[in-house]
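K.L.:
Turn this into a model:
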Amino acid sequence: MLSVHKLTKRYGESMAIQNISFCVKTGEIVGLIGHNGCGKSTTMNIITGYLNASEGTVLVDGEDHVEQAKSVRKKIGYLPEIPALYLEMTVEEQLAFACELKGIKNKKGEITRACQKADVQNVGGRLIRNLSKGYRQRIGLAQAFLGNPPLLILDEPSSGLDPYQNVEMRDILKEASKEQAILLSSHVLSEISVICNRVVILSNGQLVADDTPAGLKESLRQPDRFYVIGEGRMEEFQKVAQESGWLSDIQVRRWERPGAFRAEFQSEEKDVAAKVLCILKKAGVSLIQLGVNLPDLEESYFHLTKDQRYDTRI
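P.N.:
Okay, the predicted model is just below:
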């Protein structure tokens, strides 16, 4: 649905983004992440037609966003970080106005459909000024749904939402992705790892990763690094593990269950599981879980973008 190929944007001698390429298919939610100044907003602004690229192409449903600009814009629903809403309008008035701007003829039917998708049908007659941050975000999303565009571009859709509202927004987007392609940016990496099929990471204006959350973790897995979750005497386990000589770089901390702990360690032993079980038995600790230690999305992100946030090119 969306194909970005070798996208480059220059401002004089400064390079905002360089050779950015990725795609988003119908049925996918792709997260676009990176540190402030990495080029996320520039990339999204070019895709939506707000900025022109210095080089490269953007295709939406096979159409060039420059040569077929009018047709392409009808295929994109956009939610900025701060939704463009008139606070003195009611929700229905705001969406009717948006329908006029988009040239949508069947206003009533389209507003009803968009409100149902964004789950705001119960506030149609209320002033936007009197609605919470969560509802305003969803009204902005309903506005993006108008016209049933095949591509949604969402800039920080969960910004300022409480945990309940985050879950509601996540469910709405997962349902929408069954029929649409979704590209969203966010600084909330835990949300990205839960909702996105793929993650595109930018750093210093360049693409440094394009993979599934699981693929990113696996690609950055440290060799011979494992973890064990046990229940019992944490200090005794640590003592026995260190004395055994089988494990090294042991890091132990309390776990979420009362009386339990998680230990991360490195081992070059061929039969790690058997060695760990021996240590647990000697320490009088019950095994809850044992496995390979994979970095989470946050650790992967820091690894890929470290020490590049302050490059003066951006």
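K.L.:
going forward, measure contacts and count neighbours with C-alpha atoms only.
P.N.:
Noted.
K.L.:
low pLDDT regions in this structure?
P.N.:
306-314 (pLDDT under 70).
K.L.:
all strands of it, in order?
P.N.:
2-11, 14-24, 29-33, 55-60, 63-64, 76-79, 151-155, 181-185, 198-203, 206-211, 225-231, 248-254, 260-266, 286-292 (DSSP state E).
K.L.:
Can I get the second one in CSV, CA atoms only?
P.N.:
So the one you mean is strand 14-24. Below are the C-alpha coordinates for strand 14-24, written out as CSV (Å, rounded to 0.1, in the frame of the first residue of the first chain):
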residue,chain,number,x,y,z
SER,A,14,22.1,19.9,6.1
MET,A,15,20.6,16.5,5.4
ALA,A,16,17.4,15.8,7.3
ILE,A,17,16.9,12.3,5.9
GLN,A,18,19.0,10.2,3.5
ASN,A,19,18.0,7.2,1.4
ILE,A,20,15.1,6.1,3.6
SER,A,21,13.3,3.0,2.1
PHE,A,22,10.5,0.9,3.6
CYS,A,23,7.0,-0.3,2.9
VAL,A,24,3.7,-0.8,4.7
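K.L.:
List the contacts of Thr42.
P.N.:
Thr42 is in contact with 9, 16-17, 51, counting by CA atoms under 8 Å, 6 or more residues apart in numbering.
K.L.:
For stretch 261-281, C-alpha coordinates in CSV please.
P.N.:
Extracted C-alpha coordinates of stretch 261-281, given in CSV (Å, rounded to 0.1, in the frame of the first residue of the first chain):
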residue,chain,number,x,y,z
PHE,A,261,14.0,-13.5,41.6
ARG,A,262,15.4,-13.3,38.1
ALA,A,263,19.1,-13.9,37.4
GLU,A,264,20.8,-13.1,34.1
PHE,A,265,24.2,-14.7,33.4
GLN,A,266,26.7,-15.8,30.8
SER,A,267,27.8,-19.3,30.3
GLU,A,268,29.8,-21.2,27.7
GLU,A,269,28.8,-24.6,29.1
LYS,A,270,27.4,-27.0,26.6
ASP,A,271,24.6,-28.2,28.9
VAL,A,272,23.5,-24.9,30.5
ALA,A,273,20.1,-26.2,31.7
ALA,A,274,21.7,-29.1,33.6
LYS,A,275,24.3,-26.9,35.3
VAL,A,276,21.6,-24.3,36.3
LEU,A,277,19.4,-27.1,37.7
CYS,A,278,22.3,-28.3,39.8
ILE,A,279,22.8,-24.8,41.2
LEU,A,280,19.1,-24.4,42.0
LYS,A,281,19.0,-27.7,43.8
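K.L.:
For Glu110, which non-adjacent residue is closest in space?
P.N.:
Nearest residue to Glu110, sequence neighbours excluded (CA to CA, 6 or more residues apart in numbering): Leu146, at 6.3 Å.
K.L.:
Phi, psi for that neighbour please.
P.N.:
Main-chain dihedrals, Leu146, degrees, to the nearest 10: phi -60, psi 130.
K.L.:
Neighbours of it, how many?
P.N.:
25 (other CA atoms under 10 Å).
K.L.:
ok, now how distant is it from Gln68?
P.N.:
20 Å (CA to CA, to the nearest Å).
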